[in-house]
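> give me coordinates for this.
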Amino acid sequence: MTSRGYLRIWYLGCTLAPYRSVVTLQLQNSCNLLPETAVQVRSRSFVKDMEGEQTQDMETDGSNLKQSMAQSPKAGTSGGCEPIKNGKTLITEGKARIIFPSANEVFYNPVQEFNRDLTCAVITEFARLQLSSKGIRKREEDENLKQPPSDDQPEEEDHKTAAVGEVCQGGLRVLEALAASGLRSIRFAKEVPGLHSVVTNDFSSRAVELITQNVQLNDVGHLVTPSLSDARMLMYQSKVDKELFDIIDLDPYGSPSTFLDAAVQAVSEGGLLCVTCTDMAVMAGNSGETCYSKYGAMSIKARFCHEMALRIILHSLDLRANCYQRYIVPLLSVSVDFYIRVFVRVFTGQSKVKASASKQALVYNCVGCGSFHIQRLGKMANNGNNVNYKAACGPPVGPSCEHCHQRHQLAGPLWAEPLHDVGFVQQVLSAVGNNPGRFQTSRRIQGILSMVLEELSDVPLYYTLDNLSKTVHCNSPSLLQFRSALLHAGYRVSLSHACKSAIKTDAPPPVEKLNPVKRERLTESSPAARILSVEPKLQASFTVRADANPSSRKQGLKRFQLNPEPFWGPKARAKAGATVHLGTNAVTPMKQKKRWSHVTHHDENGPEHLLGFDLCVNGEPLY
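Numbering: from 1, shown residues only. The predicted structure is shown next:
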């Protein structure tokens, strides 16, 4: 490789922030890059608000930073950036205020505020449920202003209350395994009641230095403990020491797959795992073999790809938990923006683990008409007081699709049970609705959770209205008309939070090919011609019914993300010629070819792109 060679990296977000500087050195050494070698990185992915390498030049002591914060205009609870003294930047989000080196060295993505807000809302409700079983109740803020208990009141009565910002004896132990700046942990400490301690871990020493400074600035040192460690080793050690965490938050850059084995062991009985996946190009079918290597499931390119991604990560979590006689119970699973986020509880029980095979399924998806069938891997048979576990019988389809005679693709295994705990979601939604000013993204949280409650919980995956109409070359009916037709026919139907045009229904595939109106220029072998050659068994009625319009739609709730600004996805760093950091959006100016990988994401403005990095050496893929 010559000194004029260049490096382009195809990176799907699977390299974690704590290891980026190490990976950079390894790449330079393995490729024998000379100092003048031009290096460039193009990004299709959002990144966290703090990179481990961006903590340099933070030598100002805590007192000066506090003074700078005090002199800066006071911000509200919305996410925002303010320049302050010494070229530093103040990020305000929720009740946390975080100092970063400078505005042009830090990428702060306000879209990810929804992820952090939703996590705070879910953890708050989870803490309430966990502590109530121990006889500890949440102390309201106005109670803190009251006089201390009198002498005739037992002293231990005060110990049975939990307040925000205070150490709760018997409270929850939290681990943010991949903390970067520590923003999320600091928000937990300042917004979630009932916490005993928060361990904020990162593998980068520079990141931990910044975490320490930000903890001091927010006066949460009594709750938050910075940690410099490999996240996996930290979790494995907690298992050895029998000091399990009640809540573990995994929000890596890309895939969390390398951390799942440690996480399912390090979480306490009935504890909560919060997991984010941003490698959606892999999970949505762009690279099925890579998805299998990470999650033990094959992904395919299909219209239901976003819900499929949710079910793949749940399958992977349950599969790894089963190795230790544990199993998962999903509380909430959402696909939003460019990532998926799942909240699951982990329990131990041999008999429950035996039932896990019946919770997984394969998917047969027709490449022609898009119809799909679910094949469970196992089944349970109740014989009086005994339960027998057997392999399921199948397949549910023939060699080719019975409707259009095209072949089937096989995907999975994936989670086939409900994605959410309806009762828990209702409690979170009620809590957010009772205090709408708590989060900047409260309106969107309410919209998403309302749609989650409206989804058919026992119907895996979905169709899309545009694809159904395109398959048979028909005029597309309105969403209300199509929903009404299925309701008139006696079937259930719902929307999905994962896709704006999604249709979830228990109707069999033949019923969904309704009202064809165009047959011109169809070849005999096309899926549309073969479908239309069979007389329909149902005469659809498209008269709009009152119950066809879901409540969240009637109320005009904010259900899908609107672009907050033009080109709100990947952004280039303002500093030209800066050192390349893997996983950032910095671009060294030079000619380059664009090799993007796209996965469609639908929002209020139509389809949106999905993310990745492009990395090759002399035009050849690096991996």
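
> tell me how many other residues surround Q555.
Neighbours of Q555 under the rule other Cβ atoms under 10 Å: 11. Where you see a C-beta, it was placed from the backbone N, CA and C, and this is true even at glycine.

> OK, contacts around it?
S450 (Cβ atoms under 8 Å, 6 or more residues apart in numbering).

> repeat the analysis, applying 7 Å as the threshold.
Under the criterion of Cβ atoms under 7 Å, 6 or more residues apart in numbering, Q555 has no neighbours.

> Q481 reaches A540, doesn't it?
No - applying Cβ atoms under 7 Å as the test, Q481 and A540 come out as separate, 9.3 Å apart.

> how close does I340 get to Q112?
13 Å (Cβ to Cβ, to the nearest Å).

> and the two? Which one has more around it.
I340 (26 against 23).

> wasn't that one part of a strand?
Yes - with DSSP: H, G, I helix; E, B strand; the rest coil as the criterion, I340 is located in a strand.

> K359 versus that one, what's the distance?
Taken as Cβ to Cβ, the span from I340 to K359 is 19 Å.

> L260 and L314 touch, don't they?
No - in this structure, L260 is not within contact of L314 by Cβ under 7 Å, at 11.2 Å.

> look at these two and report which has more neighbours.
Higher neighbour count among L260 and L314: L314, with 26 against 22, using other Cβ under 10 Å.

> which other helices and strands does whichever strand or helix holds L210 contact?
Assigned by DSSP states H and E, L210 belongs to helix 205-217. Helices and strands touching helix 205-217, by 3 or more Cβ pairs under 7 Å, 6 or more residues apart in numbering; DSSP states H and E, are helix 62-71, strand 96-100, strand 195-202, strand 224-228.

> what about 6 Å?
With contacts taken as 3 or more Cβ pairs under 6 Å, 6 or more residues apart in numbering; DSSP states H and E, helix 205-217 sits against strand 224-228.

> quick one: the strand it packs on to strand 195-202, angle?
30 degrees (axes from the mean of the first three to the mean of the last three Cα atoms, to 10 degrees).

> for the stretch 301-450 of the chain, what spans make up the strands?
Taking DSSP state E, counting those that start in this stretch to define them, one finds strands in the stretch 301-450 of the chain at 326-336, 339-348, 360-366, 372-376, 378-383, 386-391, 408-415.

> buried sites along the shortest one?
Going by neighbour count (16 or more other Cβ atoms under 10 Å), the buried part of strand 372-376 is 372-376.

> mind checking the pLDDT average for that strand?
Average pLDDT, strand 372-376: 93.

> what angle sits between that strand and strand 408-415?
If you take the same axes, to 10 degrees, strand 372-376 sits at 50 degrees to strand 408-415.

> I'd like the numbering to begin with 7 instead of 1 from here.
Sure, I'll start counting at 7 from here, so that last one is strand 378-382.

> with only the CA atoms kept, save strand 378-382 in CSV.
Output of strand 378-382 as CSV, limited to C-alpha atoms (Å, rounded to 0.1, in the frame of the first residue of the first chain):
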residue,chain,number,x,y,z
PHE,A,378,-46.0,-14.9,5.1
HIS,A,379,-46.6,-17.8,7.4
ILE,A,380,-45.3,-18.4,10.9
GLN,A,381,-43.9,-21.8,11.9
ARG,A,382,-43.3,-22.4,15.6
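
> low pLDDT regions in the stretch 357-506 of the chain?
478-479 (pLDDT under 70).

> cool, the stretch 107-256 of the chain as well?
Scanning the stretch 107-256 of the chain for pLDDT under 70 picks out 107-116, 146-165.

> residue boundaries of the helices in it?
Assigned by DSSP state H, counting those that start in this stretch, the stretch 107-256 of the chain shows helices spanning 119-138, 189-197, 211-223, 237-246.

> for V170, find the nearest of the ones you listed.
helix 189-197 (6.3 Å; Cβ to Cβ).

> which outside residues touch the closest one?
With contact meaning Cβ atoms under 6 Å, 6 or more residues apart in numbering, helix 189-197 is reached by 55, 100-102, 104, 122, 126, 171, 180, 182, 185, 204, 206, 224, 226, 229-230.

> re the thing from before, could you dump the buried residues of strand 378-382 into CSV and include distance to V342?
Shown next, in CSV, are the buried residues of strand 378-382 (distance: Cβ to Cβ, whole Å):
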residue, distance to V342
F378, 23
H379, 28
I380, 24
Q381, 29
R382, 28
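
> which pair of those residues spans the longest distance?
F378 and R382 (13.9 Å).

> stretch 386-400: which residues count as buried?
For stretch 386-400, by 16+ other Cβ under 10 Å, it's A398.

> again, but for stretch 486-494
Buried residues in stretch 486-494, defined by neighbour count with 16+ other Cβ under 10 Å: 486-494.

> quick check, nearest of those residues to R143?
Closest approach between those and R143, by Cβ to Cβ: R489, at 42.9 Å.

> and that closest one, what is it in contact with?
499, 554.

> need the contact list for S263.
Contact partners of S263, counting by Cβ under 6 Å, 6+ apart, are K300.

> now with 10 Å, please.
Contact analysis of S263 by Cβ atoms under 10 Å, 6 or more residues apart in numbering lists 20, 283, 285, 288, 297, 299-302, 319, 322, 326.

> next: A102.
83, 122, 187-197, 220, 223-224, 226.

> Y259 reaches F265, doesn't it?
No - using Cβ atoms under 10 Å, Y259 is not in contact with F265, being 11.9 Å away.

> picking that back up, and which of the buried residues of strand 378-382 is nearest to V335?
Set against V335, the nearest of the buried residues of strand 378-382 by Cβ to Cβ is R382 (18.5 Å).

> my guess is that closest one contacts S362, does it?
No - contact criterion Cβ under 10 Å: R382 and S362 do not qualify, at 11.4 Å.

> ok, now how distant is the residue nearest to T511 when sequence neighbours are not counted from K476?
Among residues not flanking T511 along the chain, V499 sits closest, at 4.4 Å (Cβ to Cβ, 6 or more residues apart in numbering). V499 is 19 Å from K476, where distance means Cβ to Cβ.

> also R551?
Note on R551: its distance to K476, by Cβ to Cβ, is 25 Å.

> nice, that's everything, thank you.
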